[in-house]
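Undergrad: Provided below for reference: sequence and predicted model.
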Amino acid sequence: MILLTGGAGYIGSHMSMALAEAGLPFVVFDNFSNSQRGVLQRMAQISGTAPTVVEGDVRDAQTLEQLSQAFPINAVWHLAGSEAVGGSGAGTGPQESQWMSGIGQRQ
């Protein structure tokens, strides 16, 4: 099963549709800070199958651990991030700007 972080975002939703069309199992992991839940309903309408969705943040190690125990994850496509390149690295504080260089990296 593929873990698709940011799977409800613009690129993530297109990737979700491609995975669904290919018949590959995946789970969408998104905090919906730069996406809308309605996208998931639209994906279900188009593909005929509602995607498996877990709401959470890639910076939350406990939620990621629970996710890895609940699903047989064997691949990750990391598409979570701010909606623009500038916003991805220029957060509002040290934790916001530094975590984007790697999942969970905080100083």
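TA: Yep, that arrived. Just so it is clear, the structure is predicted and the values come from calculations on it, not from any experiment. Residues are numbered from 1 along each chain as shown.
Undergrad: Which residues does the longest helix along the chain contact?
TA: Counting residues, the longest helix found in the chain (DSSP state H) is helix 10-22. Under the criterion Cβ atoms under 8 Å, 6 or more residues apart in numbering, residues 2, 4-8, 26, 28, 30, 35, 39, 43, 46-47, 49, 51, 77, 79-80, 83 lie in contact with helix 10-22. C-beta here means a position set from N, CA and C on the backbone, and glycine is covered the same way.
Undergrad: next SSE after it?
TA: strand 26-30 (DSSP states H and E).
Undergrad: Just give me how far that next one sits from the chain centre.
TA: Distance, stretch centre to chain centre, for strand 26-30: 5 Å (Cα atoms, centre = their mean, to the nearest Å).
Undergrad: Now do the buried residues in that strand.
TA: F26, V27, V28, F29, D30 (16 or more other Cβ atoms under 10 Å).
Undergrad: And that strand, what does it pack against?
TA: strand 2-5, helix 10-22, strand 52-55 (3 or more Cβ pairs under 8 Å, 6 or more residues apart in numbering; DSSP states H and E).
Undergrad: what about 6 Å?
TA: Under the contact criterion of 3 or more Cβ pairs under 6 Å, 6 or more residues apart in numbering; DSSP states H and E, strand 26-30 touches strand 2-5, strand 52-55.
Undergrad: Can you list the strands that that strand pairs with?
TA: Paired with strand 26-30 in the same sheet, following DSSP bridges, are strand 2-5 (parallel), strand 52-55 (parallel).
Undergrad: and those strands as CSV, adding distance to M17, mean pLDDT and mean neighbour count?
TA: Listed next are the strands paired with strand 26-30 as CSV, based on distance: least, Cβ to Cβ, whole Å; pLDDT from 0 to 100; neighbours: other Cβ atoms under 10 Å:
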stretch, distance to M17, mean pLDDT, mean neighbour count
strand 2-5, 11, 93, 22
strand 52-55, 14, 93, 15
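Undergrad: just so I know, which of these lies nearest S68?
TA: For the strands paired with strand 26-30, proximity to S68 was assessed by Cβ to Cβ; strand 2-5 is nearest, at 8.0 Å.
Undergrad: Adding distance to A70, write the strands paired with strand 26-30 out as CSV.
TA: Shown next, in CSV, are the strands paired with strand 26-30 (distance: least, Cβ to Cβ, whole Å):
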stretch, distance to A70
strand 2-5, 11
strand 52-55, 8
